[in-house]
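> show me the folded form of this:
(2 chains)
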Amino acid sequence: QKEVEQNSGPLSVPEGAIASLNCTYSDRGSQSFFWYRQYSGKSPELIMFIYSNGDKEDGRFTAQLNKASQYVSLLIRDSQPSDSATYLCAVNAGSARQLTFGSGTQLTVLP
Amino acid sequence: DTGVSQDPRHKITKRGQNVTFRCDPISEHNRLYWYRQTLGQGPEFLTYFQNEAQLEKSRLLSDRFSAERPKGSFSTLEIQRTEQGDSAMYLCASREGLGYTFGSGTRLTVV
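Have a look, this model is predicted:
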């Protein structure tokens, strides 16, 4: 079992809809969880991180964390074509607090 | 420029040659990470520095790979006797608290 699992997609949503991206992790000791966006050929850019159970909102983005279920999600409201990218879920763990990434979910927002 | 800088952006090399990449982290960040990302996968952790000390190395880091961070500022990643399987994007990130910032990456193609 991979440490961080994501549905690879591709996921397509119409413009203006809500996109829902999901991630599960295996290490119950994980404390901080990250969502990154990566455009093709570019490096990952941080959308937001969460470390407490519940929801965290930042603009059109909401991260949800359920530690009991070892589940993290990202909701993108009012999706725009510019949101089309690969979304990477990551947890930090290990003595170096390095990020462990899932394989990413490719999102396409259709105009 | 206050971001993480990587050089070169692209490198094409023949199999068996040695290559070296450079990373300049955000100046206040004393923690530096190297990752490797292949197509369709999330970044994979390679190694971690705190100041000039290399404190963690992944099993992915074979003996052909070596990394340094003299004086705790910039870092270099060298690959000796490159193989086609080394073709990937090599990403550097620096961290302060929970803020991981990635550089633009060096895309290596081994022909």
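> and the contacts of the longest strand out of those in chain A?
For chain A, the longest strand by residue count, based on DSSP state E, is strand A:85-93. For strand A:85-93, the surrounding residues in contact (C-beta atoms under 8 Å, 6 or more residues apart in numbering or on different chains) are A:3-4, A:6, A:21, A:23, A:25, A:27, A:29-40, A:44, A:47, A:72, A:74, A:98-102, A:104-107, B:42-43, B:98. (Glycine included, C-beta is placed from N, CA and C.)
> and those, which are buried?
Among the contacts of strand A:85-93, those classed as buried by 16 or more other C-beta atoms under 10 Å in any protein chain shown are A:4, A:6, A:21, A:23, A:25, A:30, A:32-38, A:44, A:47, A:72, A:74, A:98-102, A:104-107, B:42-43.
> can you flag which of those residues belong to strands?
Within the buried ones among the contacts of strand A:85-93, residues falling in strands by DSSP E are A:4, A:6, A:21, A:23, A:25, A:32-38, A:47, A:72, A:74, A:98-101, A:105-107.
> and the residue of chain A most remote from its centre, how far is that from A:G29?
Distance from the C-alpha centroid of chain A peaks at A:S95, with 22.9 Å (C-alpha atoms, centre = their mean). Separation of A:S95 from A:G29 (C-beta to C-beta, to the nearest Å) stands at 12 Å.
> residue ranges in chain A under the pLDDT threshold?
A:1 (pLDDT under 70).
> kindly report the residues of it close to chain B.
Within chain A, the positions near chain B by C-beta under 8 Å from any C-beta of the partner chain are A:4, A:8, A:32, A:34, A:41-46, A:49, A:51, A:88, A:90, A:92, A:94-104.
> list the residues that contact the residue farthest from the centre of chain A.
A:S95 touches B:55-56, counting by C-beta under 8 Å, 6+ apart.
> does it sit in a helix, a strand or a coil?
At A:S95, secondary structure determined by DSSP: H, G, I helix; E, B strand; the rest coil is coil.
> how about B:T109, nearest residue that isn't a chain neighbour?
In space, B:T109 comes closest to B:I12 once its chain neighbours are excluded; the distance is 4.7 Å by C-beta to C-beta, 6 or more residues apart in numbering or on different chains.
> which pLDDT value belongs to the one you found?
At B:I12, the model reports a pLDDT of 98.
> could you dump stretch A:104-111 to PDB, C-alpha only?
Output of stretch A:104-111 as PDB, limited to C-alpha atoms (Å, rounded to 0.1, in the frame of the first residue of the first chain):
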ATOM      1  CA  GLY A 104      -1.700  13.400  -8.200                       C
ATOM      2  CA  THR A 105      -5.100  13.800  -9.700                       C
ATOM      3  CA  GLN A 106      -5.400  15.500 -13.100                       C
ATOM      4  CA  LEU A 107      -8.200  18.000 -13.200                       C
ATOM      5  CA  THR A 108      -9.700  19.500 -16.300                       C
ATOM      6  CA  VAL A 109     -12.200  22.300 -16.100                       C
ATOM      7  CA  LEU A 110     -14.300  22.500 -19.200                       C
ATOM      8  CA  PRO A 111     -15.300  26.000 -20.500                       C
END
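> good, wrapping up.
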